[in-house]
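> Give me coordinates for this.
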Amino acid sequence: MGLRFETRESGSPWVDNVWTCTSSRVTTMTSVAGVRWGLVFWEQHGRAYASVTGPETRSGTAPVPEGATFTGIDFAVGTSLRVVPTAALVDGGIELPDTTARTFRLDGSRWETPGPDDAEALVDRLVRAGIVVRDPLVAAVLRGHRPSASGRTVERRFRAATGLTQGAVRQISRARTAAELLAGGDTAADVVAKLDYFDEPHLARALRSYVGRTARQLRSGAGGAIGLDLDQRRTS
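Reported below is the predicted structural model:
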């Protein structure tokens, strides 16, 4: 038993993925570095909770509410909340007040709590209300465009929108992909070649910093509960 994740990719340009999770007989997990902020909704013992989660720059240990069910929305990199700078969420988050089983409060208004199938409908409403926003320059950079602004301006606006540097986003994203490949059966040598690490020690350092697992642990499924869907049960 432990954490059972199911993740699906989203067709919304504002959302990266939507996930669900149930916890059983586990009270802590290894948290994994991530580049996205999100909304998380969960119920435990008849009580409802909601929070805004931020990007995480390193792995660590996090508590898990036992016997809880979760629905999470991971927003696309470059999106942000109007009233909370993403930089203020890095390695932290905000628990939202006055949450019920049906509604939650965000940015001064009450919204219907989504299930995994209507997460994008909630996001569309938040976007139309101007609560979730996007910096067009950062969006262009993420699509591979080279804006006319100076490199310093681009980096400043990228960090303001994401809370991270462009280099940190690349490193964390690559380490998470490496973990998924290793859990799927790739060897460390395969991952080094596929993801352009210098060598296996370079990969090992990245996994230790950002994932909290060794390549051997990821390949064998050892190490206990982890905040990452490594079963690859993905739906479109």
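> ok, longest helix in the chain?
helix 166-183 (DSSP state H).
> helices or strands up against it?
Contact here means 3 or more Cβ pairs under 8 Å, 6 or more residues apart in numbering; DSSP states H and E; on that basis helix 166-183 packs against helix 151-162, helix 188-195, helix 200-210, helix 215-220. For every residue, glycine as well, the C-beta is placed using N, CA and C.
> which residues are contacting that helix?
Contact with helix 166-183 is made by 32-35, 57, 77, 141, 155, 158, 162, 164, 188, 190-191, 194-195, 197, 203, 206-207, 209-211, 213, 215, 218-219, 221, 228, 230-232, as judged by Cβ atoms under 8 Å, 6 or more residues apart in numbering.
> So what angle separates the directions of it and helix 188-195?
140 degrees (axes from the mean of the first three to the mean of the last three Cα atoms, to 10 degrees).
> mind checking how far helix 166-183 is from the chain centre?
Centroid separation for helix 166-183 versus its chain: 12 Å, with Cα atoms, centre = their mean, to the nearest Å.
> can you map out the strands along this protein?
Ranges of strands in the chain, per DSSP state E, are 3-9, 15-23, 28-31, 38-44, 47-53, 60-63, 69-75, 79-81, 93-95, 103-106, 109-112, 132-134, 234-235.
> can you name the farthest residue from the center of the protein?
Ser148 (29.9 Å; Cα atoms, centre = their mean).
> What score does it have for pLDDT?
If you check Ser148, the pLDDT there is 84.
> measure it to Leu230 for me?
Ser148 is 41 Å from Leu230, where distance means Cβ to Cβ, to the nearest Å.
> One more: Glu6?
12 Å.
> For the residue nearest to the spatial centre of the chain, which non-adjacent residue is closest in space?
Nearest to the mean C-alpha position of the chain, by Cα atoms, centre = their mean, lies Arg36 at 4.5 Å. Of all residues not flanking Arg36 in the chain, Asp74 sits nearest, at 4.5 Å (Cβ to Cβ, 6 or more residues apart in numbering).
> ok, now Leu3?
Using Cβ to Cβ, 6+ apart, the nearest residue to Leu3 is Ala225, at 4.7 Å.
> Let me see the backbone angles for the one you found.
phi -70, psi 140 (degrees, to the nearest 10).
> Just the pLDDT for it.
pLDDT recorded at Ala225 is 89.
> swap in Gln232?
pLDDT recorded at Gln232 is 51.
> Tell me the bridge partners for the residue nearest to Glu9 when sequence neighbours are not counted.
Distance criterion Cβ to Cβ, 6+ apart; nearest residue to Glu9, sequence neighbours excluded, is Asn17 at 5.3 Å. When bridges are called by DSSP bridges, Asn17 pairs up with Glu9, Asp74.
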